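**Student:** heads up, no residue letters with this:
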């Protein structure tokens, strides 16, 4: 019962705070004595703080405000991607306290070697966080592949199959697909909309469907493999064994061509380079075709483009909107809203950290050891 009540109080502060103890008692239906005891435990654990004063209604006297604390409890978000490793530390108020990215070539790599480099990054970030007075409660890792439980089933671009990532990382760590965690990053650190389709552009193209604030993963965790929706049945061969998949038109390799980075591509686009503009046009058309299938199947009201599609949005938007409008005009009239993620390449690592924050709020007694 105490564990449940701790969760009720922390969730109320998370959702509606800052609140006085009296306000918490009224909101939760718990007695003032019980609320005071629970707030005391959460204060000791560093999950909340008391400061300032707020008024309990128009007639109530000002009281001390209970709010989430960003000073002691934190979560660690990690990401292994094709061309980088990333880590970020987020405190309980969802403020990003540290963010580190290390360029790397992880294609066809040895999982043990890559995860050793990630362990080194974790040690560096953890030491810096602890120096700032933060205690990292847990970690989650985003990977560019399909995940079942704690098992990474298949990450084709990495060349990894059936890897128990947390065991090699030597760190208690939740593991999830990069696009799913990027969608959660958009939910918790972006627009805050509860229902949308998030499209993640990287070496591959993935998607995360958020319904009523929850990611839909499918039976085997394969939901959202947008990159292998067929755009042109007789198109170029794809690494999946099919032909004409979205990825061969709108994945990072297809967009870059002979260019060395997305930043270089953006510069070329801004300068009006014809080859770069044509590549973006093809990618936008293909993305619009694939999203049309997603709209017919899922009927999202909002589509958010993230990853490399965020900096390329000014050059992709027109062709994506045009393809959607042309194909949806007869069925639904108005295409879904199309937006760009403000999180860019950080979406997945933010979502990973946010996953741990949600677990703390949902069950502080277990996660914080209260």
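**Tutor:** In hand now; what should we look at? Owing to the predicted nature of the structure, the values given are computational and were not obtained by experimental measurement.
**Student:** Wait, residue 351 touches residue 188, no?
**Tutor:** Yes. Under the criterion of Cβ atoms under 8 Å, residue 351 makes contact with residue 188 at 7.0 Å. All C-beta spots, glycine's among them, are computed from the backbone N, C-alpha and C.
**Student:** and the two? which has more neighbours close in?
**Tutor:** residue 351 (31 against 19; other Cβ atoms under 10 Å).
**Student:** mind listing what the more buried one touches?
**Tutor:** If you count contacts by Cβ atoms under 8 Å, 6 or more residues apart in numbering, residue 351 has them with 77, 142, 180, 181, 182, 183, 184, 185, 186, 187, 188, 189.
**Student:** Columns pLDDT and distance to residue 365 on top of the residues you listed, output as a markdown table?
**Tutor:** Formatted as a markdown table, the contacts of residue 351 follow (pLDDT from 0 to 100; distance: Cβ to Cβ, whole Å):
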| residue | pLDDT | distance to residue 365 |
| --- | --- | --- |
| 77 | 97 | 23 |
| 142 | 95 | 27 |
| 180 | 93 | 27 |
| 181 | 94 | 25 |
| 182 | 94 | 30 |
| 183 | 93 | 28 |
| 184 | 94 | 23 |
| 185 | 94 | 27 |
| 186 | 93 | 29 |
| 187 | 93 | 25 |
| 188 | 93 | 22 |
| 189 | 93 | 26 |
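**Student:** By neighbour count, which of the residues you listed wins?
**Tutor:** Per-residue neighbour counts (other Cβ under 10 Å) across these peak at residue 182, which has 35 neighbours.
**Student:** Leaving out chain neighbours, which residue sits closest to it?
**Tutor:** Nearest residue to residue 182, sequence neighbours excluded (Cβ to Cβ, 6 or more residues apart in numbering): residue 347, at 3.8 Å.
**Student:** Contacts only, for residue 158.
**Tutor:** Going by Cβ under 8 Å, 6+ apart, residue 158 touches 80, 82, 106, 107, 108, 109, 111, 114, 143, 144, 145.
**Student:** go with 6 Å
**Tutor:** Counting by Cβ atoms under 6 Å, 6 or more residues apart in numbering, residue 158 makes contact with 106, 109.
**Student:** Ok, the one 10 residues further on next?
**Tutor:** For residue 168, the set of contacting residues under the criterion of Cβ under 6 Å, 6+ apart consists of 111, 112, 115.
**Student:** Same check on residue 304?
**Tutor:** Contacts of residue 304 were listed using Cβ under 6 Å, 6+ apart, and they are 186, 196, 198, 339, 341.
**Student:** Kindly reformat those residues as TSV containing distance to residue 303 and secondary structure.
**Tutor:** Converted to TSV, these look like this (distance: Cβ to Cβ, whole Å; DSSP: H, G, I helix; E, B strand; the rest coil):
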residue	distance to residue 303	secondary structure
186	11	helix
196	7	strand
198	8	strand
339	7	strand
341	11	coil
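**Student:** out of the residues you listed, who has the most neighbours?
**Tutor:** Result: residue 198 is most packed of the contacts of residue 304 (other Cβ under 10 Å), 33 neighbours.
**Student:** quick one: low-confidence parts of the stretch 151-300 of the chain?
**Tutor:** Residues of the stretch 151-300 of the chain meeting the criterion pLDDT under 70: none.
**Student:** where do the helices sit along the chain?
**Tutor:** For the chain, the helices defined by DSSP state H cover 2-16, 21-28, 32-45, 111-131, 165-169, 178-189, 247-250, 252-256, 262-270, 274-298, 309-332, 347-362, 364-367.
**Student:** picking that back up, buried ones among the contacts of residue 168?
**Tutor:** Neighbour-count burial (16 or more other Cβ atoms under 10 Å) applied to the contacts of residue 168 gives 111, 115.
**Student:** now, which of the contacts of residue 168 sits nearest residue 219?
**Tutor:** When the contacts of residue 168 are compared for distance to residue 219 (Cβ to Cβ), residue 111 comes out closest, at 25.5 Å.
**Student:** Look up how far residue 162 lies from that closest one.
**Tutor:** Counting by Cβ to Cβ, to the nearest Å, the separation of residue 111 from residue 162 is 10 Å.
**Student:** what does residue 127 give?
**Tutor:** Distance of residue 127 to residue 162, given as Cβ to Cβ: 32 Å.
**Student:** same deal with residue 215?
**Tutor:** Relative to residue 162, and taking Cβ to Cβ, residue 215 is found at 23 Å.
**Student:** Setting aside sequence neighbours, what's the nearest residue to residue 337?
**Tutor:** Leaving aside its sequence neighbours, residue 337 sits nearest to residue 302 (Cβ to Cβ, 6+ apart; 4.6 Å).
**Student:** Residue 196 now?
**Tutor:** Using Cβ to Cβ, 6+ apart, the closest residue to residue 196 is residue 302 (4.1 Å).
**Student:** Around that neighbour, count how many other residues there are.
**Tutor:** The number of residues packed near residue 302 is 16, by other Cβ under 10 Å.
**Student:** Residue 256 now?
**Tutor:** Other residues close to residue 256 by other Cβ under 10 Å number 18.
**Student:** ok, back up a step: which one of the helices of the chain lies nearest to residue 138?
**Tutor:** When these are compared by Cβ to Cβ, helix 347-362 sits nearest residue 138, at 4.3 Å.
**Student:** tell me the angle of the closest one relative to helix 32-45?
**Tutor:** 140 degrees (axes from the mean of the first three to the mean of the last three Cα atoms, to 10 degrees).
**Student:** Tell me how far helix 347-362 lies from the chain's centre.
**Tutor:** The chain centre lies 8 Å from the centre of helix 347-362; the measure is Cα atoms, centre = their mean, to the nearest Å.
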